[in-house]
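> pasting the sequence and the predicted coordinates here, then a few questions.
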Amino acid sequence: MTWVEDVQAAKDDGAVFFDFLTAVDLGDDGFEVVCRLWDPQARTARLVTTRCDRADARVPTLTGLFAGAAWHERAVADMFGIAFDGHETAPLLLPESFEGHPLRKDFPLAAREAKQWPGAKDPGESDADLAVPRRRRAKPLGARDWSPS
Amino acid sequence: MTYPVPDNSRGIIALDENACTSCMLCARECPDWCIEIDSHKETVEEPGARPRTVHVLDRFAIDFGLCMWCGICIEVCPFDALFWAPTYDHAATDAQGLVHERFDLRQWLRDVPVGND
């Protein structure tokens, strides 16, 4: 079944309330687009997902099923650079001139380049001690290495 | 006017300087990089014991403009030096005013409810 058919099936099955739509950057595996629907009778939620390529990031629009999905799709287009076929997504959250898609994993975080990691200091050290070269320094966990390669 | 909040509310982070050993764990675990710690080493010599090195805290600052109230620093502190205090009224007129130095952080200790750690 296609993405729209999946969501339509869930809607027909009672999940008639559109909660939100967002995306997940899966790196080389492309993007996962996630839609949460709520069944007000059964009081249960459904997550409907689909995948798209990184090189050609596009999925069909859900605005035909839920008009309220329009803002969510515009936000996802802003943040992940995913196109929605059948929906001309004007920027919702970012200025027109903004370049890049901030929620993509490869989007450089300027704040992480401008600021020294506070954890680089060892116990008993202050900022002045960081000037002394050392072979082993603690590195921030999970943060990208911004040093020039 | 202040409104009553539950004791376990995440209002502000308090620091017990006497318990802090400048171990840097909170600063390293903080996802927002908002904890700045400076310290230096001193040698303590006591009669009948070998000289030992201790870390003396020089600066402990939390930038509440960056903090996202996740509480990881409080959870990770092995010496129970950090606590949630429920007081919440900490707006400032500029960004620098949101940086709480050790003396600010220490005073929030008086707001920490008994048994809150």
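Yes, it's here.
> which stretches of chain B have low pLDDT?
By pLDDT under 70, the low-scoring segments of chain B are B:1, B:116-117.
> let's see it at 90
Within chain B, the ranges that satisfy pLDDT under 90 run B:1-4, B:8, B:46, B:48-49, B:88-90, B:113-117.
> how about the residues of it near chain A?
B:21-24, B:27-30, B:33-41, B:53, B:55, B:58-59 (C-beta under 8 Å from any C-beta of the partner chain). Yep, even glycine has a C-beta here, placed from its N, CA and C like the rest.
> of these, keep whichever come out buried.
B:21-24, B:27-30, B:33-40, B:55 (16 or more other C-beta atoms under 10 Å in any protein chain shown).
> chain neighbours aside, what residue packs nearest to the residue nearest to the spatial centre of chain A?
Nearest to the mean C-alpha position of chain A, counting by C-alpha atoms, centre = their mean, stands residue A:103 at 4.3 Å. Nearest residue to residue A:103, sequence neighbours excluded (C-beta to C-beta, 6 or more residues apart in numbering or on different chains): residue A:79, at 3.9 Å.
> look up how far chain B lies from that neighbour.
Residue A:79 sits 18 Å away from chain B, going by C-beta to the nearest C-beta, to the nearest Å.
> around that residue, how many other residues sit close by?
As a burial measure, residue A:79 scores 20 neighbours (other C-beta atoms under 10 Å in any protein chain shown).
> and what of residue A:70?
A total of 18 residues lie near residue A:70 under the criterion other C-beta under 10 Å.
> so it belongs to a helix, correct?
Yes: under DSSP: H, G, I helix; E, B strand; the rest coil, residue A:70 falls within a helix.
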